[in-house]
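Enquirer: this is the structure alone, sequence omitted:
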């Protein structure tokens, strides 16, 4: 099955299979990825921190012994696969500055927990990809690494904060990546760049070693927990790669449902109070839903089980802002109190319960990942500006509602490409997110795969 994307380069599992079959060596796979980076990155600027020399050394060392066979205890599903990770993940010996010039002296002393797992699975890390300052925008530019462009249209953003991640995958530089998501930072880049992305259930994948360098530089700093709302999640060009990357990173076993998509009951949420969707997203979304219904799926458009979305958005934005600022005063000078934080935790728990009740009726919720397609480049943050929605410039903050839909109640969500739309005069990719119960990560990916087969098969 073909998905609408820029490149026909093989995915992660396909590359690993070719290496195990002797059709390709790890060194050749790494060399091909670096060649693609050297060809495309002058325009795209996805790669922030290259690590080519060590990647070559790792690949050559791998070739000294044959890979373990599938099913063996030491089998490595990503054997010899070159990949990148988001700049904010620690990779031993590499810079991590989160886009800050003043923090470029921080060199990670060890691999993050996720990078360690990826290497143990056979992946070869060839570098780290670009981000916005402090991972806080739907663009990926900063004074250290410059601006990443969308491979579909260099005048548009690839999204953020995992924009370099998505651009590297979409352009074929690497077959897969790992990013993070608190405000749609995996899902929005996947949506903007026409690839697959998965927001994992909160707590599923350790983010130890994904720490702000200002904190990590402190001699007394010990990373001990994941931050509120934020997750690590993979990006890829197909669902099989997305699933294996999720399993590799997972800190606990994930269940798989044997229920077929045609046996599932689906709820489509295409309207969110206070967050209108542009026609460039609404039209391909409606076309996809209509095709799914023609394919035999049952899709409801409303339910009295849906939580109070307006209240959820208000609570999500408050928690998001406090978490991103680590409790520092807001622009109006007010600082959240411990009581404020505990009230938000109570509200989050209440929403988690309400979504749990909804998923007793529905298997999955389908929704847009964002209210617009890839936006034109801005000199400042998107969230200090506006989004053009149906010809009207509206504050960008409410657009986060579509990310918060799954983020605030800690749910998994898979984004798949569903087609394209025309936004501000440019034809661009459009995605859809498939949200499921907490810990149903592999089921969300499988459902998205089945949806993709109906739409593009």
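Expert: Good, I have the coordinates. Since we're looking at a predicted model, the values are computed, not measured.

Enquirer: check contacts around the spatially most central residue of the chain.
Expert: Residue closest to the mean C-alpha point of the chain, counted by CA atoms, centre = their mean, is residue 186 at 1.8 Å. The neighbours of residue 186, taking CB atoms under 8 Å, 6 or more residues apart in numbering as the test, are 162, 165, 179-180, 197-199, 231, 233-235, 415. For every residue, glycine as well, the C-beta is placed using N, CA and C.

Enquirer: can you pull the contacts of residue 162?
Expert: 86, 129, 131, 140, 177, 179-181, 185-186, 189, 197, 235.

Enquirer: neighbours of the nearest residue to it once chain neighbours are set aside, how many?
Expert: Residue nearest to residue 162 in three dimensions, not counting chain neighbours: residue 179, with 2.8 Å by CB to CB, 6 or more residues apart in numbering. Residues lying near residue 179 (other CB atoms under 10 Å) number 35.

Enquirer: could you do residue 66 as well?
Expert: 10.

Enquirer: and it, what element?
Expert: Of the helices and strands defined by DSSP states H and E, none includes residue 66.

Enquirer: could you say which helix or strand holds residue 342?
Expert: helix 338-358.

Enquirer: could you list the domains of this structure?
Expert: Following automatic domain parsing, the chain resolves into domains at 12-249, 261-456.

Enquirer: of these, which stretch is the most buried?
Expert: domain 12-249 (a mean of 22; mean count of other CB atoms under 10 Å).

Enquirer: contacts for the helix or strand bottoming out on mean pLDDT in the chain next, please.
Expert: Using mean pLDDT, DSSP states H and E, the weakest-scoring helix or strand in the chain turns out to be helix 213-216, at a mean of 90. Here helix 213-216 makes contact (CB under 8 Å, 6+ apart) with 90, 96-98, 100, 103, 106, 108, 221, 223.

Enquirer: rerun at 7 Å
Expert: 96-98, 103, 106, 221 (CB atoms under 7 Å, 6 or more residues apart in numbering).

Enquirer: break down the stretch 51-200 of the chain into its strands, ranges please.
Expert: With strands called from DSSP state E, counting those that start in this stretch, the stretch 51-200 of the chain shows them at 82-86, 124-129, 141-142, 146-147, 176-181, 196-199.

Enquirer: output the contacting helices and strands for the last one.
Expert: For strand 196-199, the elements it packs on are helix 187-193, strand 231-236, helix 239-249, strand 413-423, judged by 3 or more CB pairs under 7 Å, 6 or more residues apart in numbering; DSSP states H and E.

Enquirer: if I look at residue 319, what pLDDT would I see?
Expert: Listed pLDDT for residue 319 reads 97.

Enquirer: now do the contacts for it.
Expert: 228-229, 344, 348.

Enquirer: out of those, which is nearest to residue 37?
Expert: Distance to residue 37 across the contacts of residue 319 (CB to CB) is lowest for residue 229, with 31.9 Å.

Enquirer: for the closest one, which non-adjacent residue is closest in space?
Expert: Here the residue nearest residue 229, using CB to CB, 6+ apart, is residue 182, at 5.0 Å.

Enquirer: same question, residue 41
Expert: Spatial nearest neighbour of residue 41, excluding adjacent residues (CB to CB, 6+ apart): residue 47 at 5.4 Å.

Enquirer: check contacts around the one you found.
Expert: Residue 47 touches 37, 41, 84, 127, 129, 168, counting by CB under 7 Å, 6+ apart.

Enquirer: so the last one touches residue 177, yeah?
Expert: Think residue 168. Yes. Here residue 168 lies in contact with residue 177, judged by CB atoms under 7 Å, at a distance of 6.0 Å.

Enquirer: find residues that contact each of the two.
Expert: 84, 129.

Enquirer: if we can go back for a sec, next, format the helices and strands packed on strand 196-199 as TSV and append mean pLDDT.
Expert: Output for the helices and strands packed on strand 196-199, formatted as TSV (pLDDT from 0 to 100):
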stretch	mean pLDDT
helix 187-193	98
strand 231-236	98
helix 239-249	98
strand 413-423	97
